[in-house]
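Asks: predicted coordinates and the sequence they were generated for:
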Amino acid sequence: MSIYVGNLPYEATEQEVNEVFSDYGVVKRVSIPVDRETGKVRGFGFVEMETESNEPPAIEALDGAEWMGRELRVNKARPRKDNRSQGNKKHQNSF
């Protein structure tokens with residue numbers, strides 16, 4: 001599972017986020033999505049810790065913490081919904 005990190009400063013890098021979370025255990029991966037059209041960071045990211053037992057202490061310590069002038073929102077990431085698989089079903093006709 002991974003951790004959702006919201007309200008990230010737009011100038012934050014994956015390396016900087018990694019450093020913050022490494023205080024709570026080994027970080028496997030950090031992902032900061034960018035907008036497809038603008039190429040700019042979207043203000044949130046995901047952190048995957050090496051062991052799930054490291055996640056609760058990191059979430060508790062960092063949720064609401066101020067970092068780089070922003071108050072972070074940190075919680076357990078929810079599974080991603082695949083909206084693309086829904087297609088245009090309500091507009092399909094069945095004869």
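Replies: Looks like it arrived, so ask away.
Asks: which stretches of the protein have low pLDDT?
Replies: Residues of the chain that meet the criterion pLDDT under 70 lie in 82-95.
Asks: which residues in it form strands?
Replies: In the chain, the strands defined using DSSP state E lie at 3-6, 27-31, 44-49, 66-67, 70-71, 73-76.
Asks: sheet partners, orientation included, of the third one?
Replies: Each strand that pairs with strand 44-49, with its direction, by DSSP bridges: strand 3-6 (antiparallel), strand 27-31 (antiparallel).
Asks: mind listing what's buried in the first one?
Replies: The neighbour-count check on strand 3-6 (16 or more other CB atoms under 10 Å) flags 3, 5 as buried. To be clear about C-beta, it is placed using only N, CA and C from the backbone, and glycine gets the same treatment.
Asks: likewise the longest one?
Replies: In terms of neighbour count (16+ other CB under 10 Å), strand 27-31 has its buried residues at 27, 30.
Asks: what does that strand contact?
Replies: Contacts of strand 27-31 with the rest of the structure, by CB atoms under 8 Å, 6 or more residues apart in numbering, involve 2, 14-15, 17-18, 21, 45-50.
Asks: now do the helices in this protein.
Replies: 14-21, 55-62 (DSSP state H).
Asks: now these in TSV, with distance to residue 76 and mean neighbour count?
Replies: As requested, the helices of the chain are arranged in TSV below (distance: least, CB to CB, whole Å; neighbours: other CB atoms under 10 Å):
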stretch	distance to residue 76	mean neighbour count
helix 14-21	14	16
helix 55-62	7	16
